[in-house]
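K.L.:
need a structure here:
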Amino acid sequence: MNVLKPHLQTTIWTLLGAGASQREIERVTGIDRKTIRGYQKRFAAMAANSPGVSTDPGGQTPPPRPPAPTPARSPATVSACEPHRSFIEAQLRLRRNAMAIYQDLVDQHGFTARYSSVMRFARKLRQHEPEQFDRLEFLPGEEMQVDYGEGAPTRVPGTDRYRKPRLFVATLRYSRRSFRRVVWKSSQQTWAQLHEQAWRYFGGSCRYVVLDNLKEGIVKPDLYEPQLNSVYAATLAHYGVIADPARVRDPNRKGSVENAIGHTQATALKGRRFESLAEQNDFLEHWETKWAASRIHGSARRQVQAMFEEERPLLQPLPVLGMQYFTESQRTVCDDSCVRVDHSSYGARPAPIGSHVLVRVFEHRIEIRDLKTQALLRSHVRVERPGSVVLPMEERVFNPSRETRRILAQAKAIGNDAERLCELLFAVEGRVGQRKLWGIVRLADRYPRRLVDRACAQAMRDGIYSYSHVKRLTEKIVAEALAAIERTEEPRQLELTLTQEHPLIRPADIYAELFSRCASAQPSAPLTPGGTAHDH
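P.N.:
Next up, the predicted model:
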């Protein structure tokens, strides 16, 4: 034990006699607790050997051979930091520590005392105000708080090992009625399904749900705009609930569910083991119904079940159909305008080739959405056989094995004879004859369809099933039609005569009178000085 100065020993003896703790003595004297602990043992031994000494911490009986009382502090013992009080107070308001203040005092004010003097002086100036907490109150059916904890040891299926599963607890804030389930593993879908089971258990959903920032619910924590994962957000939207995540490291915002988890672990599950998750879930439901719901809540001073009966009618009604869960991933649109999902291809138009899209895979369908706006682009029925291609024929590019139907449809639009000729060509030559079919239907892009159809009819009468023969016949028919038009237009041009009478043509007498007046008119007289002309 270190030997201290007499006045420090006196202070320690006095504080030990008054029942002060080691921490309090260290704060007052600045001596480490190891030295104080030695004096405390010595004081206890002396008190045990002397019948006149009281061992009561609050007793005022001095120890044997008490030292002389500490003399009153004279003006000469004023702290060396007193002249710099205003500077130190300003630095403490800026939340600077004692070491930083001591360094500034030495550099800027020529301070010559030791750091311990600044530390003691700053300790006296600091004001430790306890943090204030508001008592949160909510309306019935307004809020539910959720969180994970640890369940009781449970046998792992197929082994003799016991492991603690995850304990999910959902607590209605108004009535404190809780829903409890244990699961081995958690995921985005498991987290959403537990919420759905809680709302089914309560008979309705609340308006808000308060959770912490675990990955199953919050993808990106943010004080102002937290980002929810897509499965959880879709589940909340399906039940008309809004997520209100608590701040990071702020468990007091969801104190009801925190207390419910602690109550469950300390009262219901402490010292128990279960052989399966189902056994533990059955026990938790029995314990909640018989004991937790029938208790009188400490702060509300009312029975939990009675408050829940008031809250139940005010919960939001549940939808008829449950949530349809999905997995979500990003895919690239391939050069066949499809995306690959589970070794099958699904058409992604209007998404352009090479772009990235968001694919949601449900149990019986898939959705293709825009990656940025998440707008629905396409929806398909999910196929079971791998390797399937879900793409309409009109969206497929040229493929010899499936172009015959398209060519014949275009031939039918030209006319019956064109369709019959194309069918005969394909029946004779098969897939190789598709080239001739394409040539025939492309003639309709340059010539009138009725003339192409007439040429096809003439080719079948001639017994020549050839694209070149149809082309020559078409050109011949077109040339003959143009010649016939020229022959019928030429006589009409020769017979054209000038029209002499028409409502828009004035009679010739009017023009004759106009010409005679102009001829008999006299020239104008010169201007007078006054600027006017006189008729003669």
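
K.L.:
which residues does residue 287 contact?
P.N.:
Counting by CB atoms under 8 Å, 6 or more residues apart in numbering, residue 287 makes contact with residue 268. For every residue, glycine as well, the C-beta is placed using N, CA and C.

K.L.:
point out where the protein drops to low pLDDT.
P.N.:
Counting by pLDDT under 70, the ranges of the chain that qualify are 1-4, 47-76, 128-129, 398, 400-402, 489-498, 522-536.

K.L.:
and the longest helix for it?
P.N.:
helix 467-494 (DSSP state H).

K.L.:
kindly export the helix or strand following that one (C-alpha atoms) in PDB.
P.N.:
Where DSSP states H and E defines the elements, the next helix or strand beyond helix 467-494 is helix 508-520. Extracted in PDB, the C-alpha atoms of helix 508-520 (Å, rounded to 0.1, in the frame of the first residue of the first chain):
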ATOM      1  CA  ALA A 508     -68.500  39.900-124.000                       C
ATOM      2  CA  ASP A 509     -70.700  43.000-124.000                       C
ATOM      3  CA  ILE A 510     -69.300  44.200-120.700                       C
ATOM      4  CA  TYR A 511     -65.700  43.900-122.000                       C
ATOM      5  CA  ALA A 512     -66.700  45.700-125.300                       C
ATOM      6  CA  GLU A 513     -68.300  48.600-123.300                       C
ATOM      7  CA  LEU A 514     -65.100  48.800-121.200                       C
ATOM      8  CA  PHE A 515     -62.800  49.000-124.200                       C
ATOM      9  CA  SER A 516     -65.000  51.800-125.900                       C
ATOM     10  CA  ARG A 517     -65.000  53.900-122.800                       C
ATOM     11  CA  CYS A 518     -61.200  53.700-122.500                       C
ATOM     12  CA  ALA A 519     -60.800  54.600-126.200                       C
ATOM     13  CA  SER A 520     -63.100  57.800-125.900                       C
END
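
K.L.:
can you list the buried residues in helix 508-520?
P.N.:
The neighbour-count check on helix 508-520 (16 or more other CB atoms under 10 Å) flags nothing as buried.

K.L.:
could you number the chain from 53 rather than 1 from now on?
P.N.:
Got it, first residue is 53 now, which makes that one helix 560-572.

K.L.:
now do it: distance to the chain's middle.
P.N.:
92 Å (CA atoms, centre = their mean, to the nearest Å).

K.L.:
mind listing what's buried along the longest helix of the chain?
P.N.:
Buried-residue list, helix 519-546, by 16+ other CB under 10 Å: 519, 521, 522, 523, 525, 526, 529, 530.

K.L.:
surely the first one meets residue 494?
P.N.:
In this case it means residue 519. No. With contact defined as CB atoms under 8 Å, residue 519 and residue 494 do not form a contacting pair (9.3 Å).

K.L.:
circling back: which of the buried residues of helix 519-546 lies closest to residue 200?
P.N.:
residue 519 (74.3 Å; CB to CB).

K.L.:
let's verify residue 391: helix, strand, or coil?
P.N.:
Under the three-state scheme (DSSP: H, G, I helix; E, B strand; the rest coil), residue 391 adopts strand.

K.L.:
for it, which non-adjacent residue is closest in space?
P.N.:
Excluding the flanking residues, the one nearest residue 391 by CB to CB, 6 or more residues apart in numbering is residue 383, at 4.2 Å.

K.L.:
the one you found: what secondary structure?
P.N.:
Going by three-state DSSP: residue 383 is strand.

K.L.:
would you mark the buried spots in stretch 142-157?
P.N.:
Neighbour counts using 16+ other CB under 10 Å place 143, 144, 150, 153, 154, 156, 157 of stretch 142-157 among the buried residues.

K.L.:
any chance of the backbone angles for the third one?
P.N.:
When you say that, I think you mean residue 150. When read as degrees, to the nearest 10, the backbone of residue 150 gives phi -70, psi -40.

K.L.:
who's in contact with it?
P.N.:
Taking CB under 8 Å, 6+ apart, one finds 167, 170, 171, 174, 175 in contact with residue 150.

K.L.:
quickly find the element holding the third one.
P.N.:
For residue 171, the enclosing helix or strand under DSSP H and E is helix 167-177.

K.L.:
now do that helix: distance to the chain's middle.
P.N.:
That offset, for helix 167-177, works out to 50 Å (CA atoms, centre = their mean).

K.L.:
give me the contact list for it.
P.N.:
79, 82, 131-134, 137, 140-141, 144, 150-151, 153-154, 157, 163.

K.L.:
one more time with 6 Å, if that's ok
P.N.:
Outside helix 167-177, the residues that touch it by CB atoms under 6 Å, 6 or more residues apart in numbering are 131, 132, 133, 141, 144, 150, 153, 154.

K.L.:
excluding its backbone neighbours, what's nearest the third one?
P.N.:
Setting aside the residues directly before and after it, residue 133 is nearest to residue 173 in space (CB to CB, 6+ apart), at 3.9 Å.

K.L.:
so how far is residue 320 from the one you found?
P.N.:
Distance, residue 173 to residue 320, using CB to CB, to the nearest Å: 53 Å.

K.L.:
ok, now residue 483?
P.N.:
On the measure of CB to CB, residue 483 and residue 320 end up 75 Å apart.

K.L.:
and these two? which has more neighbours close in?
P.N.:
residue 320 (19 against 11; other CB atoms under 10 Å).

K.L.:
quick one: residues contacting that one.
P.N.:
Residues counted as contacts of residue 320 (CB under 6 Å, 6+ apart) are residue 339.

K.L.:
just read off the phi/psi values of it.
P.N.:
Residue 320 adopts backbone torsions of phi -80, psi -40, taken as degrees, to the nearest 10.

K.L.:
so it versus residue 326, what's the distance?
P.N.:
Look at residue 320 and residue 326: by CB to CB, they are 11 Å apart.

K.L.:
with that, I have no additional questions.
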